[in-house]
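In: my questions concern the predicted model and sequence given below.
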Amino acid sequence: RPVGAPAEDETLAAARRAFIEPIFAFRDRINANRDFVVYKTLVGFESVFSPEWEGDPMDHAAEEAYRNERITELVAEVDAANAEAWLKILQRCATTQSNDLATFPSFGRFLEELTRTKPEIVEAYFGRLGDDLANFLPAMLRGMEVTARWPAAKTRIDQWVSERRYLSQILWHQRFTEKIDVGLIKQALRYAVEDASDRAVLNAAVICAARSDEIPSDEIAPIFTSAISYFNSRGSTTWVDAIWAHFVKSSLATALSAEQIDLLLSALVGRRRIDPHAEYVLVPIAKRFPEKVIDFFGTRLRERDEDHVVEGYEDVPYSFTSLGLHLAATGPYLVAQSRAWHRQNAEFFEYRGGRLLPIVFRELTPQLEGLLTELLANEGAGAAQFVADVLAGYRGSPATHELYKMIVEAVPEGDPVLGAVEFALISTGGVSGAFGMVEAYQRKKAEFQPWLSDSRPRVKAYAEAHERMLDRRIAAEQRRSEEDLEARKRQYGD
């Protein structure tokens, strides 16, 4: 209690003690169990340590420092006399079931430090690890590789691989080791593919993406494509989520031949969505082969037309983070391919392949406008629906008006494509305020005024009819808004 503060009410003080004292008693009782203290030091990320009972909770850095001090103390306790007891402790810790990556870093640090400082003890454990503790073999191997006992450990690793044991763990050790062994990776991967060990094959793919600068290009390409081929044969794209962060920054894509890039893209066709992870895999490919990535989306469009497509399949995404910059460099090819896709299947194209051009060209650039203008000039009404489907992605932006004028001029009166033109020209987006729709339509009318002075008779006639339609909508929305406003005033007051 602060100095000078009034004395605490006795009843309240008694209630406080009755609440707190059992908590402290429970704390003291469980902390008297040494196995529990060891476990909470080595496993988990929400443990409460002694200093936190006496003061404020520790931040992450302070907790890490505290744990590391305790880990060093625990490592010092291990010796030949108690090695068997410690093996049982480690096996018990390893049985913890958790998918949270924050659960085991301290346990891994303990195993690595124990192996580095007392390799003979851990070496004696190798034949008796058990399945759970064997999952942490990479940490032990990292510790062992800096000791004089590494040659014997390497012989043991080679023996394990020949016996097809611990392939996933051995490959994960290769992900970080300074003693990278390409021959070992290739052999372990070959056995992993034969044994259908998804985790081991995935680890081999991660090695290639993360360590592409350390493995010769003539070696890394077949390793990587072997892993991808395996997952492709199983209809799985989990490899994307494992490698994307490394692949986008690595030189791996430059080590792959055009044929190997084709294999990689074909393995992505079945992915339900081109989400950011998949996009980051596509970016380094698009830097070398933008046309192949464009063709990849064409394949996805055709895939959706097949009966076997997965539910919720999204052939073209709704936006790109950075891929669009690389595809925009081949604008003519992209427009030509998009036009070809539209010829093959125009149904709902606005919501499918028609999305690709607007997400690549977020604004209607002079380049894209020129390409679409050329199409309309060459094909006339035949290209009108395609251009309208593409322009739908720009929500009636004034930049699209010249192309819409060309469509109006090209198609006969009553053509269904004119409905798409009208819908785009009156698209308002979100509105707010009592007279939000009125104001939005008035803006649309102001943007539309240049149409009225167009020299082409059909365009001018369309413009006059469209303006009359807008005037009717503005008047109707004005009446509706005034009525709604008056009704709210009568119900809720001014």
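Out: Cool, the structure landed.
In: not counting sequence-adjacent ones, nearest residue to F36?
Out: In this structure, F36 finds its nearest non-sequential neighbour in I30, 5.5 Å apart by C-beta to C-beta, 6 or more residues apart in numbering. Any C-beta I mention is one placed from the backbone N, CA and C, and that applies to glycine too.
In: chain center to the helix or strand hosting the one you found: distance?
Out: Using DSSP states H and E, I30 sits within helix 10-31. When distances are taken as C-alpha atoms, centre = their mean, to the nearest Å, helix 10-31 is centred 48 Å away from the chain's centroid.
In: show me what the helix or strand that that helix is followed by is packed up against.
Out: Next along the chain after helix 10-31, taking DSSP H and E as the criterion, comes helix 34-42. For helix 34-42, the packing partners by 3 or more C-beta pairs under 8 Å, 6 or more residues apart in numbering; DSSP states H and E come out as helix 60-77, helix 83-94, helix 105-117.
In: buried residues, helix 34-42. List them.
Out: Within helix 34-42, the residues that count as buried by 16 or more other C-beta atoms under 10 Å are 37-42.
In: and the angle from that helix to helix 83-94?
Out: Angle between the axes of helix 34-42 and helix 83-94 is 60 degrees (criterion: axes from the mean of the first three to the mean of the last three C-alpha atoms, to 10 degrees).
In: mind checking the pLDDT average for helix 34-42?
Out: Summarised as a single mean, pLDDT over helix 34-42 is 89.
In: check the protein for its longest helix and report it.
Out: With residue count as the measure and DSSP state H as the assignment, the chain has helix 457-492 as its longest helix.
In: and the helices and strands packed on helix 34-42, which is most packed in?
Out: helix 105-117 (a mean of 21; mean count of other C-beta atoms under 10 Å).
In: where's I71 relative to L111, distance?
Out: Using C-beta to C-beta, to the nearest Å, I71 is found at 10 Å from L111.
In: same thing with L371?
Out: For L371 relative to L111 (C-beta to C-beta), the value is 60 Å.
In: circling back: run a quick neighbour tally on the residue nearest to F36.
Out: Neighbourhood size, I30 [other C-beta atoms under 10 Å]: 11.
In: mind saving the C-alpha coords of the helix or strand of the chain with the lowest mean pLDDT as CSV?
Out: Ranking every helix and strand in the chain by mean pLDDT, DSSP states H and E puts helix 50-54 at the bottom, with a mean of 76. Extracted in CSV, the C-alpha atoms of helix 50-54 (Å, rounded to 0.1, in the frame of the first residue of the first chain):
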residue,chain,number,x,y,z
SER,A,50,9.7,-16.9,-11.1
PRO,A,51,10.6,-13.2,-11.7
GLU,A,52,7.2,-12.6,-13.2
TRP,A,53,5.5,-13.6,-9.9
GLU,A,54,7.4,-10.8,-8.1
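In: ok, P317 - contacts?
Out: P317 is in contact with 273-275, 279, 355, 359, counting by C-beta atoms under 8 Å, 6 or more residues apart in numbering.
In: helices - which of those land there?
Out: Among the contacts of P317, the members falling in helices (DSSP H) are 279, 359.
In: tell me the two of the contacts of P317 that are most distant?
Out: Taking C-beta to C-beta as the measure, the contacts of P317 span a maximum distance of 15.2 Å, between D275 and R355.
In: quick one: which of the two has more around it?
Out: R355 (23 against 14).
In: chain neighbours aside, what residue packs nearest to that one?
Out: According to C-beta to C-beta, 6+ apart, the nearest residue to R355 is V316 (4.8 Å).
In: per-residue pLDDT of the one you found, please?
Out: 95.
In: correct me, but it touches L301?
Out: Yes: the pair V316 and L301 qualifies as a contact (C-beta atoms under 8 Å) at a distance of 7.3 Å.
In: what residues are shared contacts of those two?
Out: With C-beta under 8 Å, 6+ apart, V316 and L301 have common neighbours 352-353.
In: show me the shaky parts of the stretch 201-350 of the chain.
Out: Counting by pLDDT under 70, the stretch 201-350 of the chain shows low-confidence ranges at 304-310.
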